[in-house]
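Q: this one's sequence-less:
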Ligand code: SF4
Ligand code: SF4
């Protein structure tokens, strides 16, 4: 049985580069730190591609 894939945030540096790129509203920032709402995320990977710090990690 396959478990749900999702993206976690590890060690966000608050650089803001991922700000505004999420089209589903899943990616938000609280005090600059990124957060992913797994219910809204469609796993498009846009945020992972733009993060220069590898703070967004895809788990499958
Ligand atoms: S993978 Fe896509 S939908 Fe999910 S948080 Fe990142 S930009 Fe948003
Ligand atoms: S691009 Fe990466 S380090 Fe920068 S705010 Fe987004 S998740 Fe954090």
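A: Cool, the structure landed. Since we're looking at a predicted model, the values are computed, not measured. Ligands and ions are numbered 1, 2, ... in the order given.

Q: Spell out which residues of this protein are next to ligand 1.
A: Counting by CB under 6 Å from any ligand atom, the chain comes close to ligand 1 at 7, 21-22, 24, 26-27, 36, 41-47. Placement of C-beta: from N, CA and C, glycine included.

Q: Now with 8 Å, please.
A: For the chain, the residues in contact with ligand 1 under the definition CB under 8 Å from any ligand atom are 7, 18, 21-27, 36-37, 40-48, 56, 58.

Q: wait, doesn't residue 42 sit right on residue 26?
A: Yes. Shown here, residue 42 and residue 26 form a contact pair, counting by CB atoms under 8 Å, at 7.5 Å.

Q: any low-confidence regions in the chain?
A: Applying pLDDT under 70 to the chain flags residues 1-3.

Q: What residues does it have near ligand 2?
A: 9, 11-19, 27, 29, 32-34, 47, 50-56.

Q: If any of the residues of the chain next to ligand 1 are buried, put those into a ChimeraX selection.
A: Here is the ChimeraX command that selects only those of the residues of the chain next to ligand 1 that count as buried (16 or more other CB atoms under 10 Å):
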select :7,18,22,26,27,36,41,46,47,56
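
Q: Strands of the protein, start to end?
A: 6-9, 27-30, 33-36, 56-59 (DSSP state E).

Q: before we move on, the earlier item: just checking, which of the residues of the chain next to ligand 1 belong to helices?
A: Using DSSP state H to define helices, the subset of the residues of the chain next to ligand 1 located there is 46, 47, 48.

Q: Next up, the contacts around the second one.
A: Taking CB atoms under 8 Å, 6 or more residues apart in numbering, we find residue 47 in contact with 7, 18, 21, 22, 27, 34, 36, 56.

Q: switch the cut-off to 10 Å
A: By CB atoms under 10 Å, 6 or more residues apart in numbering, the contact list for residue 47 reads 7, 9, 17-19, 21-22, 26-27, 34, 36, 41, 55-56, 58.

Q: from these, which two are the most distant?
A: Using CB to CB, the contacts of residue 47 span at most 19.3 Å, a distance reached by 19 and 58.

Q: who's in contact with stretch 27-43?
A: Residues outside stretch 27-43 that contact it (CB under 10 Å, 6+ apart): 4-9, 11-26, 46-47, 51, 55-56, 58, 60.
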